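Colleague: test case, fold it:
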Amino acid sequence: MLVKSFAAAVQGISATIVTIEVNCTKGVSFFLVGLPDVAVRESHERIISALQVNGYKFPGNRVVVNMAPADIRKEGSAYDLPLALAILAAAGQVDGSRLDKYLMMGELSLDGSLMPIKGVLPIAIKAREEGFKGFILPKQNVREAAVVNNLAVYGVENIKEVIEFIDGKRTLEATQVNTREEFYAHQEAFIFDFSDVRGQENVKRALEVAAAGGHNAIMIGAPGSGKSMLAKRLPSILPPFTLNESLETTKIHSVAGKLGGGTSLMTQRPFRSPHHSISHVAMVGGGAYPQPGEISLATNGILFLDELPEFNRSVLEVMRQPLEDRYINISRAKFSVNYPASFMLVASMNPCPCGYYNHPERPCLCPPGAVQKYMNKISGPLLDRIDIQIEIVPVPFEKISIQTPSEPSAHVRERVIKARAIQEERFKAHPGIYCNAQMETKQLHQYAIPDAAGMQLLKQAMTRLSLSARAYDRILKVSRTIADLDGAEKIETPHLAEAIHYRNLDREGWGT
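Modeller: Residues are numbered from 1 along each chain as shown. Sure thing, here's the model as predicted:
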């Protein structure tokens, strides 16, 4: 008897429907074909145990299972549930007439209980697109799938519940999630706030500009000057997620298995801070069976690289293309996968190996040439891609001891949101561009043209600092953001002067 059930395979951050065909005939053998990996092949033993414990028998006949399309590799243990149901239906132990109406995914334990799986959100979206009546999956993942409207999502704890539901002996209750209510209810709960930071007003201003325009930033300063403290508070001034951004980010984290149990939608922008010992595969994604890397997990949020020169140079260099294109393409011999990588890069570093180069009070103890060697760990092309380079000076005791809190993040965030609203209106005719940092040359010539006095100031800065053409573009982008924060229609000389001030590493005195 030939029976079909349906599952899905995740490729990148989208899903492909997998048809599981089971034919049960005379004989004694088991064949599983259709490019399954080792975890899928091992499902045979898990299914046998789960069925026995719950009072069912694995058929003693010749069982042939095909997973179509056969040219797509099927990975992981999430196919256990649809395989088990199709095998039972092919053996005549379950009524298989309703199997084609539901998409099923779930890993079976030996007692038949269902374990959580990865990639649920893109699978649920695909199930709705393909017109399935419902999606049956482990209860731990049900809220994640339930954010997809117009799809009945059933969370189950044991295979017996699924068998009885397919047989019409049990009724399952679909899980309902009010997506918009949950999304907007948890956007303001931040652990860290700018009001905790004493002093450093110039650095806070630089980070406000970075947040308003989506610019990459690097902070250079002595140990203990507050670089990490400020970076951790940057998410609290970023504009809130849009629903589309939240869905995209949640899909990436779902595919990577990074969503916690009971999570529906991510409501706050991600803040990823990998250790400097990270490999380039873990950073950009990939592996034998490609998975999203840190740059993709930071999509629509912040990737914070603490102590930037300590990262392997090859790791930093592979980030250059994603920083420009805002996606990463991972190519293999038989396929390629695209992952989003639209993130804000925020980095911090000491100015030298000892940490006290250019310090106002403590002398630098590094030997001659050590500062230059330390700075050379970061390539010029990568620094060119960082719009804002700001030096941090340690806060004096008089400011640290002040008990009056600084300006809270909520006030700064209001200004950032207003500036982003101006940019959204400006770029509504340019698909794929939402903030000033994403502007290309055409948009720069259209929206970021300084007046004659500003152009003269920019010319002097380019000549004196020997800036590259890319640095020229960065200055114009940042000055456009500063003008937006001021509510100015055109870029004025003070806006350009402030943007040039944020090119600290281009100035004389660094690394010499």
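Colleague: please, which helix or strand holds the nearest residue to Lys57 once chain neighbours are set aside?
Modeller: In space, and not counting its chain neighbours, Lys57 is closest to Leu51: 6.5 Å by C-beta to C-beta, 6 or more residues apart in numbering. Bear in mind the C-beta positions are built from the backbone N, C-alpha and C, glycine included. Under the criterion of DSSP states H and E, Leu51 resides in helix 43-53.
Colleague: for that helix, packing partners?
Modeller: Identification of packing neighbours for helix 43-53 by 3 or more C-beta pairs under 8 Å, 6 or more residues apart in numbering; DSSP states H and E yields strand 29-33, helix 80-90, strand 107-108.
Colleague: phi, psi for the residue positioned nearest the centre of the chain please.
Modeller: Centroid-nearest residue in the chain, with C-alpha atoms, centre = their mean: Leu297, separated by 2.5 Å. Per-residue torsions, Leu297: phi -70, psi -20 (degrees, to the nearest 10).
Colleague: I figured it was touching Ser254, is that so?
Modeller: No - at 11.1 Å, Leu297 does not count as touching Ser254 under the criterion of C-beta atoms under 8 Å.
Colleague: report the contact partners of Val28.
Modeller: Each residue near Val28 by C-beta atoms under 8 Å, 6 or more residues apart in numbering is listed here: Gly60, Asn61, Arg62.
Colleague: next secondary structure after the lowest-mean-pLDDT helix or strand in the chain?
Modeller: Counting by mean pLDDT, DSSP states H and E, the weakest-scoring helix or strand in the chain turns out to be helix 397-400, with a mean of 64. Sequence order places helix 409-426 as the next helix or strand after helix 397-400, per DSSP H and E.
Colleague: other SSEs contacting that next one?
Modeller: Judged by 3+ C-beta pairs under 8 Å, 6+ apart, the packing partners of helix 409-426 are helix 201-213, helix 469-486.
Colleague: tell me the angle that helix makes with helix 201-213.
Modeller: Angle, helix 409-426 to helix 201-213, by axes from the mean of the first three to the mean of the last three C-alpha atoms, to 10 degrees: 40 degrees.
Colleague: any idea how far helix 409-426 is from the chain center?
Modeller: 22 Å (C-alpha atoms, centre = their mean, to the nearest Å).
Colleague: export the lengthiest strand in the chain as CSV, just CAs?
Modeller: Counting residues, the longest strand found in the chain (DSSP state E) is strand 14-25. C-alpha atoms of strand 14-25 as CSV (Å, rounded to 0.1, in the frame of the first residue of the first chain):
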residue,chain,number,x,y,z
SER,A,14,13.3,29.4,3.5
ALA,A,15,11.7,25.9,3.4
THR,A,16,11.0,23.3,0.7
ILE,A,17,8.1,20.8,1.0
VAL,A,18,9.3,17.2,1.2
THR,A,19,6.9,14.4,0.2
ILE,A,20,7.5,11.2,2.1
GLU,A,21,6.3,8.2,0.1
VAL,A,22,6.0,4.9,1.8
ASN,A,23,5.2,1.6,0.1
CYS,A,24,4.6,-1.5,2.2
THR,A,25,4.7,-4.8,0.3
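Colleague: so which other helices or strands are in contact with that strand?
Modeller: For strand 14-25, the packing partners by 3+ C-beta pairs under 8 Å, 6+ apart are strand 2-11, strand 62-68, helix 80-90, helix 120-129.
Colleague: what's the closest of those to Ile388?
Modeller: When those are compared by C-beta to C-beta, helix 120-129 sits nearest Ile388, at 33.7 Å.
Colleague: may I have the closest one exported as CSV, CA atoms only?
Modeller: Coordinates of each C-alpha in helix 120-129 appear next as CSV, following Å, rounded to 0.1, in the frame of the first residue of the first chain:
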residue,chain,number,x,y,z
VAL,A,120,9.9,26.0,12.6
LEU,A,121,9.0,29.5,11.4
PRO,A,122,10.1,29.2,7.8
ILE,A,123,8.4,25.8,7.7
ALA,A,124,5.1,27.2,9.0
ILE,A,125,5.3,30.0,6.4
LYS,A,126,5.8,27.4,3.6
ALA,A,127,2.9,25.3,4.9
ARG,A,128,0.5,28.2,4.7
GLU,A,129,1.8,29.1,1.2
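Colleague: show me what it is packed against.
Modeller: strand 2-11, strand 14-25, strand 134-138, helix 142-145, helix 243-256.
Colleague: go through the ones you listed and name the closest to Asp95.
Modeller: Comparing the helices and strands packed on helix 120-129 by their distance to Asp95 (C-beta to C-beta), the top pick is strand 2-11, with 10.2 Å.
Colleague: contacting residues for the closest residue to Asp473 other than its chain neighbours?
Modeller: Spatial nearest neighbour of Asp473, chain neighbours left out: Leu444 (6.1 Å); criterion: C-beta to C-beta, 6+ apart. With contacts defined as C-beta under 8 Å, 6+ apart, Leu444 is in contact with Asp473, Leu476, Lys477.
Colleague: ok, now which ones touch the second one?
Modeller: Translated: Leu476. So Leu476 contacts Leu444, Ala448, Pro450, Ile491, Ala499 (C-beta under 8 Å, 6+ apart).
Colleague: of those residues, closest to His215?
Modeller: For the contacts of Leu476, the nearest to His215 is Ala499 (9.9 Å; C-beta to C-beta).
Colleague: and the closest one, what element?
Modeller: Assigning secondary structure by DSSP H and E places Ala499 in helix 493-501.
Colleague: mind giving me the packing neighbours of that helix?
Modeller: Taking 3+ C-beta pairs under 8 Å, 6+ apart as the contact cut, helix 493-501 packs with helix 452-465, helix 469-486.
Colleague: mean pLDDT for these: which is lowest?
Modeller: The minimum mean pLDDT among the helices and strands packed on helix 493-501 belongs to helix 452-465 (a mean of 87).
Colleague: residues touching Ala146, list them.
Modeller: Ala146 is in contact with Ala124, Val153, Thr175, Gln176, Val177, Ser264, counting by C-beta under 8 Å, 6+ apart.
Colleague: what's the closest non-adjacent residue to it?
Modeller: Closest to Ala146 by C-beta to C-beta, 6+ apart is Val177, at 4.0 Å.
Colleague: my guess is the one you found meets Ser264, correct?
Modeller: Yes - using C-beta under 8 Å, Val177 makes contact with Ser264 at a distance of 5.2 Å.
Colleague: the two: which has the busier surroundings?
Modeller: Higher neighbour count among Val177 and Ser264: Ser264, with 22 against 19, using other C-beta atoms under 10 Å.
Colleague: which SS class is Lys442?
Modeller: helix (DSSP: H, G, I helix; E, B strand; the rest coil).
Colleague: what about it, neighbour count?
Modeller: 9.
Colleague: how is this structure divided into domains?
Modeller: Per automatic domain parsing, the domain ranges recorded for the chain read 2-166, 186-429.
Colleague: how about TSV for the ones you listed, with distance to Asp486 added?
Modeller: TSV is the format used below for the domains of the chain (distance: least, C-beta to C-beta, whole Å):
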stretch	distance to Asp486
domain 2-166	38
domain 186-429	9
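Colleague: worst mean pLDDT among the ones you listed?
Modeller: domain 186-429 - the lowest mean pLDDT of the domains of the chain, at a mean of 88.
Colleague: next one: it to chain centre, how far?
Modeller: Domain 186-429 has its C-alpha centroid displaced from the chain centroid by 13 Å (C-alpha atoms, centre = their mean).
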